[in-house]
Every structure is written in C-alpha cells, then in structure tokens.
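Asks: Okay, here's the prediction I keep looking at, along with the sequence it came from:
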Amino acid sequence: AACWRALALCHCEAGDADQARRCAETALAQDPSDGHSASLLLIDAVTRGELEPLHKLLEHADAQKFRISAAQAAFITQCITKVRPQSHVHVRCFEFLLGCSREEQDAFAEAGAAPQQLLGFLLEASMECGEP
C-alpha cells in the first residue's frame, strides 16, 4: 500500500488527478486502515465536488476502518479551503473533521485544525452553499 500511496502523491504533485485517485484507491483497498490514502481521496472528492465517493469514505471511517490524524486533518483542511466555490461536499467533509477533532482537541489545535477553526470553516461552507 505504501508504494501505491507514494505513486498517488507523485501523480497529485504532477497534476494528474485521475491517476492520483486510482493509486490512492488501490492503496486504500490494500490497506483499509491507511489514513494517508483516505486523506488524499477526501481531498479529491471535495475538489471534484463528488458526494458519493465522500460518503463511501465516511462510511469506512464510521466503521473505524481508518482514522484521520490531527496532521492529516490539518492537511485536508488546508487543501479544501482553497477549493471554490464551496459545496455540500465541503460541508460533509468539515462535519467529519470536526467530529474527529473532538476526540483529540489539543492535538488538532497544535496541528492547525482546532475544533473552533473547523467549526468556522463548516459555517462558512454551509452559508456559501445555502445549507442550514
């Protein structure tokens, strides 16, 4: 899985989003607990504005197949806050990250993804896409 994850990052940096996604999906299929690959797929789903892939990832997370670390949450947040316009996919992703942050508030705050910040991003995304 580590090799596929590394390939996904290389393709991501090269701007080949489709290949990056395939590599990250392969890595996650080989290691369902791989939070790094899941992070890349979360970012990809938000960037593309696709709810279905995001919901599948969130179902895996709910089943505790993978866990997002504080550093990964900060990286995801940094990437998806740049994606405009914001959509319902942003809202779902921020809700997920906010839920993750509640377990380790101090670690998330130190990594740059404090629950208060995530809540602010969630509210901004909700207002931008007209979701209550």
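Replies: Here it is on my side, so go on. Bear in mind that the values here come from a model prediction, so they are computed numbers and not experimental data.
Asks: Which parts of the protein are helices?
Replies: Secondary structure of the chain (DSSP state H): helices located at 2-14, 17-30, 35-48, 51-62, 70-80, 88-103, 105-111, 115-129.
Asks: contact partners of the last one?
Replies: Taking contacts as CB atoms under 8 Å, 6 or more residues apart in numbering, the residues outside helix 115-129 that touch it are 73, 77, 81, 85-88, 90-91, 94-95, 97-98, 101-102, 105, 108-109, 131-132. For every residue, glycine as well, the C-beta is placed using N, CA and C.
Asks: Return the angle between stretch directions for it and helix 88-103.
Replies: Comparing the axes of helix 115-129 and helix 88-103 via axes from the mean of the first three to the mean of the last three CA atoms, to 10 degrees yields an angle of 160 degrees.
Asks: buried residues in helix 115-129?
Replies: 115, 117-118, 121-122, 125-126 (16 or more other CB atoms under 10 Å).
Asks: Return the set of buried residues in stretch 93-108.
Replies: Across stretch 93-108, burial judged by 16+ other CB under 10 Å covers 93-98, 100-101, 104, 108.
Asks: typo on my end, stretch 17-26
Replies: Across stretch 17-26, burial judged by 16+ other CB under 10 Å covers 20-21, 23-26.
Asks: contacting residues for the nearest residue in space to residue 21 that is not next to it in sequence?
Replies: Once flanking residues are discounted, residue 21 sits nearest to residue 44: 5.0 Å by CB to CB, 6 or more residues apart in numbering. With contacts defined as CB under 8 Å, 6+ apart, residue 44 is in contact with 17, 20-21, 24, 53.
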